[in-house]
Every structure is written in structure tokens, then in C-alpha cells.
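Asker: here's a sequence, model it:
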Amino acid sequence: MPRSQWDKLRDGVFTKAQNRCEICGGDGELHCHEVWTYDKTKRVQKLSGFRAVCSMCHHVIHFGKTQILADKGYLDLETVIRHFERVNKVTSEVFEEHRCEAFMTWELRSRRKWLTDLGKWSSLIPKKAGT
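Answerer: Numbering: from 1, shown residues only. Next up, the predicted model:
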């Protein structure tokens with residue numbers, strides 16, 4: 001989508017969330033995170049919306065990428081884990097269970113080919129030449 005469209009969409013998401021993270025309520029740097037639903041029978045991943053999330057919650061959501069960034073020294077993995085535990089009021093054991101389940105879900109989904117449905121946002125994506 002053109003940058004100007006993305007900026008408008010993102011700003012609307014942030015405004016609707018009152019410039020706060022929709023997960024932890026933090027008011028730091030926000031990211032606009034895509035929310036997807038999965039129809040296992042039809043093998044369709046559908047864009048269902050967007051959420052305003054702080055950078056720490058975004059690191060939790062994309063924990064695989066976060067581990068790569070931590071391995072390269074770009075962030076502290078333990079800080080991200082402690083954020084999850086604090087926000088959810090859980091122990092490190094509960095975090096580990098959640099992490100294992102999330103990676104299992106990712107692995108199972110990655111074994112299949114999925115059709116992508118951009119829903120009401122599909123009109124924002126320019127058509128490629130010849131399609």
C-alpha cells in the first residue's frame with residue numbers, strides 16, 4: 001500500500017486507541033500491528049484489523065524475530081519476557097508454556113499453503129501490472 005495510505009490507516013488506529021497500547025495500556029512508541037484470523041478448513045488467512053501496540057508488546061507478539069534481534073545484540077530478550085509476565089501477571093513457567101504453544105501453532109500453520117484475504121483493506125493495495 002502506498003506510504004500515504006499506510007500513514008493514514010496507522011494514524012486512525014492510534015487515534016482510536018487514544019495513543020495507548022491496546023495490550024498493556026502503555027503510552028510509549030506505538031506500532032500498528034496487523035490482526036489475522038485463520039480458517040483451517042478453507043486455508044484462508046484473513047486480515048481482520050489492526051491494533052496499536054507498544055514496541056515491547058510488539059516484540060512479544062513477534063517473539064521469533066525478537067529472538068533473532070536479541071541474538072544480534074539489538075535488544076534484551078529478558079526485558080521482553082519480563083514485560084509479558086508483568087502485563088499478564090504470570091510466572092516465567094506460564095510464559096514458557098505460552099511461548100511453546102505459540103511456536104507450535106506457527107510451525108503447524110507454516111506447513112500449509114494459505115490464501116490471503118485482505119478483506120476491506122484489499123482496495124488499498126495497488127494491482128500489479130498484468131493482474
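
Asker: near F84, how many other residues are there?
Answerer: F84 has 22 neighbouring residues, counting by other Cβ atoms under 10 Å. Backbone N, C-alpha and C define where each C-beta goes, glycine included.

Asker: tell me the contacts of the closest residue to it other than its chain neighbours?
Answerer: Of all residues beyond its chain neighbours, the one nearest F84 is V60 (4.9 Å), with distances taken as Cβ to Cβ, 6 or more residues apart in numbering. Residues counted as contacts of V60 (Cβ atoms under 8 Å, 6 or more residues apart in numbering) are 66, 80, 83-84.

Asker: could you look up the SS state of V60?
Answerer: Using DSSP: H, G, I helix; E, B strand; the rest coil, the structure places V60 in helix.

Asker: now do it against I23, distance only.
Answerer: 8 Å (Cβ to Cβ, to the nearest Å).

Asker: list the beta-bridge partners for the residue positioned nearest the centre of the chain.
Answerer: Centroid-nearest residue in the chain: H33, 4.6 Å away (criterion: Cα atoms, centre = their mean). Taking DSSP bridges as the rule, H33 bridges to R51.
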